[in-house]
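>>> A structural model of the following input is requested.
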Amino acid sequence: MSATPNLDRARAAWGTAPDWVDALARACDGASQGKVAKRVGPSAAVINQVLGNSYKGRMDRVEKCVRGELMRATVICPVLGDLSTRRCLDAQHRPFAATNPLRVQLHQACKTCPNREDA
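Residues are numbered from 1 along each chain as shown. This is a model prediction of the structure:
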């Protein structure tokens, strides 16, 4: 049995896997898909489907989470400063809360932010 089953599977499914899929597969080979899912954000089922190149959802969202958590990709947030792309996505998708001043600032800033993900 191969010491890199997730990496081998991803490369077989993708042909030439993108760098972020390679990083995801290597992380899963070092831990488990479940542990990587908790760290990266998408569920273990999504991680499994991405590695097998069969995920039908928003692959760009998964890519941003992987790049932010595993590859240290960052953006400059007008409110929070330098943060990972995953934390940026998390902030964008949190519900508005008028009782939380930071969330009010984020709600206003995210509307016109160049890092905003289209729904």
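>>> where do the helices sit along the protein?
Listed in chain order, the helices of the chain (DSSP state H) span 5-14, 19-30, 33-40, 44-51, 59-69, 85-93, 101-110.
>>> now the weakest link among the ones you listed, please, by mean pLDDT.
Lowest mean pLDDT within these: helix 85-93, a mean of 89.
>>> for it, packing partners?
Taking 3 or more Cβ pairs under 8 Å, 6 or more residues apart in numbering; DSSP states H and E as the contact definition, the neighbouring helices and strands of helix 85-93 are helix 59-69, strand 74-77, helix 101-110. Glycine gets a C-beta too; all of them are placed from N, C-alpha and C.
>>> domain parsing for the chain?
In the assignment given by automatic domain parsing, the structural domains of the chain cover 5-69, 74-110.
>>> nearest to Glu117, out of these?
The minimum distance between Glu117 and the domains of the chain falls on domain 74-110, with 6.0 Å, by Cβ to Cβ.
>>> buried ones in that closest one?
Burial within domain 74-110, assessed by neighbour count using 16 or more other Cβ atoms under 10 Å, is assigned to 75, 77, 79, 83-89, 91-92, 103, 106-107, 109-110.
>>> quick one, what contacts Ala91?
Ala91 makes contacts with Cys77, Leu80, Leu83, Leu106, Cys110, as judged by Cβ atoms under 8 Å, 6 or more residues apart in numbering.
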